[in-house]
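*Asks:* Structure here, sequence nowhere to be found:
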């Protein structure tokens, strides 16, 4: 184990955190909570992509789009709830910016509450225990620390051949500076972010074309839910082109962008959103000179404790790659700090991680899918409950939603939960908790749910599961 240098000034800390996004904030707070002296270095914005360009902005915009479009209220009361005038970007971004400021206040309050020294500037590792911080003024400060946590997050991949200009051609950060809502848009890349923005803009009445190289939408999703989401996209007017690749993007006229595909297809639109993944934000950090170099995509290799190749330097969050979720970033940082200081509080991140897609409609999942179980050769059965048969689903007007339980037919233990529809990312936690305690489908049958609620659909998915189990037994019984 490396030994930290003896400090010769007050710039020595128990922990130096580089990056003030969700991972950095929670890791720093974890150490400070247990009495450690912590410094946190941030070169851009406290809160990271979660607050400023990623998680909260896109989810806030989704809610705004649903409100302004009247999509949630359509066909419910015989009244047209669509916005009474042309929707502007001021309308679209107003609440997102309020939420950004409000959550930023919470982050700053948490940092101050824990007595963390927040230092503005660009960090560079001089050696395994020394961080050089250069302020925007040019002033340089050297910090030394027993441990260092790198939580610098990620940035959008921007291929050099794409002429990003933030007027016609955007990445997933610059789209938040959209000057006007276009009539037509091409989204390149049908991953999570691309799919979320596709449905968001489609809800606002934008004619969206979604292009992806894959054979189906979001291949990691349960195929049944992926299919329902695709149907809903097309119902909103989205044109989805699979197995297509971009060849060239160029400006065409004063307001249009032309996208040429490798199959010869040529498309024009007022705006293009490129969603080609993200790159670890490690530029200038000096990782290679201390022996903790990142790979070509800026991802830092770590072990199960989130240690890099240098034992006293840890890394967490987007900068280490998959799954690159705000939820897992926070937990990874907490585990890293607990390992560094031998806190017996948290030793690992749960293997049962829920995924939430804030498309329209929402999709969420936890555990195994039919596809993953088939690849493993494991036996399973499925129980389903549709929102259209649920009183709360009828009240909200969401008739395409569904809760799907995948379970072991021998033990009845729940193996996976998949939900599409209103509040899917909230409802998933009911199934997650049941799975955490190795619960069976019977837990939902025996439980009492508020009525009318969407959660009550869990009970009927479990009853459907029992029916499927009974049918299998009857089919297997000798004549």
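*Replies:* Structure's in. What do you need? None of these values were measured; they are calculated from a predicted model.

*Asks:* Quick check, central residue of this structure?
*Replies:* residue 325 (4.6 Å; Cα atoms, centre = their mean).

*Asks:* That one reaches residue 354, doesn't it?
*Replies:* No. Between residue 325 and residue 354 there is no contact under Cβ atoms under 8 Å: 9.1 Å. (Each C-beta comes from the backbone N, C-alpha and C, glycine too.)

*Asks:* For the residue nearest to the centre of the chain, what are phi and psi?
*Replies:* In terms of degrees, to the nearest 10, the main-chain angles of residue 325 are phi -110, psi 150.

*Asks:* ok, it to residue 316 distance?
*Replies:* Look at residue 325 and residue 316: by Cβ to Cβ, to the nearest Å, they are 12 Å apart.

*Asks:* Residue 65 now?
*Replies:* Going from residue 65 to residue 316 by Cβ to Cβ gives 32 Å.

*Asks:* Likewise for residue 164?
*Replies:* Relative to residue 316, and taking Cβ to Cβ, residue 164 is found at 29 Å.

*Asks:* which non-adjacent residue is nearest residue 369?
*Replies:* residue 222 (4.4 Å; Cβ to Cβ, 6 or more residues apart in numbering).

*Asks:* Figure out the length between the terminal residues of stretch 318-329.
*Replies:* 7 Å (Cα to Cα, to the nearest Å).

*Asks:* hang on, the earlier thing: who's more crowded, residue 65 and residue 316?
*Replies:* residue 316 (32 against 23; other Cβ atoms under 10 Å).

*Asks:* list the contacts for that one?
*Replies:* Residues near residue 316 by Cβ atoms under 8 Å, 6 or more residues apart in numbering: 23, 27, 149-151, 302, 306, 329, 332-333, 335-336.

*Asks:* Could you check how far the closest residue to residue 69 other than its chain neighbours is from residue 238?
*Replies:* Nearest residue to residue 69, sequence neighbours excluded (Cβ to Cβ, 6+ apart): residue 203, at 4.6 Å. For residue 203, the distance to residue 238 equals 10 Å [Cβ to Cβ].

*Asks:* do residue 407 as well
*Replies:* Separation of residue 407 from residue 238 (Cβ to Cβ): 33 Å.

*Asks:* of those two, who's got more company?
*Replies:* Using other Cβ under 10 Å, the more surrounded residue of residue 407 and residue 238 is residue 407, with 26 against 21.

*Asks:* What segments of the stretch 301-450 of the chain are strands?
*Replies:* Using DSSP state E, counting those that start in this stretch, the strands of the stretch 301-450 of the chain run over 313-315, 355-357, 363-367, 381-386, 402-407, 414-420.

*Asks:* same deal with the stretch 51-200 of the chain?
*Replies:* 117-120, 122-127, 130-134, 140-150, 154-156, 169-170, 184-188.

*Asks:* List the buried residues of the first one.
*Replies:* Applying a neighbour-count criterion of 16 or more other Cβ atoms under 10 Å, one finds 117-119 buried in strand 117-120.

*Asks:* Having no further points to raise, I will conclude here.
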